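Novice: Build the 3D model from these lines:
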Amino acid sequence: MALIKLQDTMLEDIKIPFERPQLLRGFCKNMKAINRWRDTDYLKENFNNAKVDVEHYKTKADFETSISYMKYMRFNEYFDQMGDKTYVPDCSLLELQNKISGNIFTDLINPNEVRIGLKNFNGDLGVPDDYNLYIGINTKTGMHVHIEDDFMLNQIVGKKKIYFLDYEHLNIKPFWSKYQNFSRENFFRMHWDEMDIYYAELEPGDSVCIPPWWWHAVESKDYTIGVAKLWEREDQYDLYKDDPKYKPLYRRNWFSSFMSKWFFDWVRKNF
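Specialist: Sure, this is the predicted structure:
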């Protein structure tokens, strides 16, 4: 048992939908965001000072278990006051679509997504179902799973280290908890030599594929920006139903079909 470094995956070897975590060196290097988003003034101008969700942490240790409180901040205010105890965690760019410049979406166009056959729910090639923005300084995100969608994390500015564990190694938090897709355990305080932990170190232009049932935690050094593109998939319900180890995910997947996204966002922000 050890830390196992993910090796670069060739485009022709990527399975859609994703089967396991895969590192794609240089996959998003031709996105305009890689160069443009290094300019803070450019970002401020094109986000039009829209309001974004910002996590606030009392201590650095709280990052490891996502103990935080959420509040809205203006984009420019966040940048001007950004410290190592605040974090834009997974801001949906589509929810801001009518408030921010279209340049933000143009900057994130990646022809490689069409090349490998990534489609949104409507079948549009190269157009994700959503974009999640991550901005912070010296941040960590505890172990969690996404339950429903394929995620592709694209590194825009700075470096990140991402760790992966097979689902059977950890226990998920109760369904009604604030972060119901996070593990009960603090991964960063566990004995890592007792598990097979896969990891990837991302630099600007690199991407990583994340299937919904894989635990993953993220560690960022200094100032970083990442954007995850979400791609809906329909097979996870049957996968969870047929494998006993995924029983908690099966329940969550079933309940989520009746619960609106608004409800989960409300729980996350208020508890």
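
Novice: Now do D238 against Y198, distance only.
Specialist: Distance, D238 to Y198, by CB to CB, to the nearest Å: 25 Å. All C-beta atoms are positioned from the backbone trio N, CA, C, and that covers glycine.

Novice: ok, which stretches of the stretch 101-250 of the chain are strands?
Specialist: Using DSSP state E, counting those that start in this stretch, the strands found in the stretch 101-250 of the chain span residues 130-137, 140-144, 150-165, 197-202, 207-210, 215-231.

Novice: that older thread, quick one, which of D238 and Y198 is more surrounded?
Specialist: A count of neighbours by other CB atoms under 10 Å puts Y198 above the other of D238 and Y198, at 19 against 10.

Novice: quick one: low-confidence parts of the chain?
Specialist: In the predicted model of the chain, residues 1, 256-271 satisfy pLDDT under 70.

Novice: Walking through it, point out its helices one by one.
Specialist: Along the chain, counting by DSSP state H, helices occupy 33-36, 40-47, 75-81, 103-107, 111-116, 236-242, 247-256, 261-270.

Novice: Could you work out which of the ones you listed reaches nearest to Y131?
Specialist: helix 103-107 (7.7 Å; CB to CB).

Novice: Quick one: list the elements packing against that closest one.
Specialist: Counting contacts by 3 or more CB pairs under 8 Å, 6 or more residues apart in numbering; DSSP states H and E, helix 103-107 is packed against helix 33-36, helix 40-47.

Novice: For that helix, buried residues please.
Specialist: Going by neighbour count (16 or more other CB atoms under 10 Å), the buried part of helix 103-107 is I104, D107.

Novice: Need the residues that contact it.
Specialist: With contacts defined as CB atoms under 8 Å, 6 or more residues apart in numbering, helix 103-107 is touched by M31, K32, A33, R36, W37, N46, F47, L93, Q97, Y131.

Novice: of those residues, buried ones?
Specialist: Among the contacts of helix 103-107, those classed as buried by 16+ other CB under 10 Å are M31, A33, R36, W37, N46, F47, L93, Y131.

Novice: For stretch 182-201, which residues meet the burial criterion?
Specialist: Neighbour counts over stretch 182-201 (16+ other CB under 10 Å) mark F182, S183, E185, F187, F188, M190, M195, I197, Y198, Y199, A200 as buried.

Novice: Just give me the closest of those to W254.
Specialist: F182 (19.3 Å).

Novice: do you know how far that closest one is from I172?
Specialist: F182 sits 7 Å away from I172, going by CB to CB.

Novice: cool, V145 as well?
Specialist: 7 Å.

Novice: Need the overlap of contacts for these two.
Specialist: N181, L249.

Novice: In CSV, list the helices of the chain along with distance to T59.
Specialist: Shown next, in CSV, are those (distance: least, CB to CB, whole Å):
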stretch, distance to T59
helix 33-36, 32
helix 40-47, 27
helix 75-81, 18
helix 103-107, 32
helix 111-116, 38
helix 236-242, 35
helix 247-256, 29
helix 261-270, 20
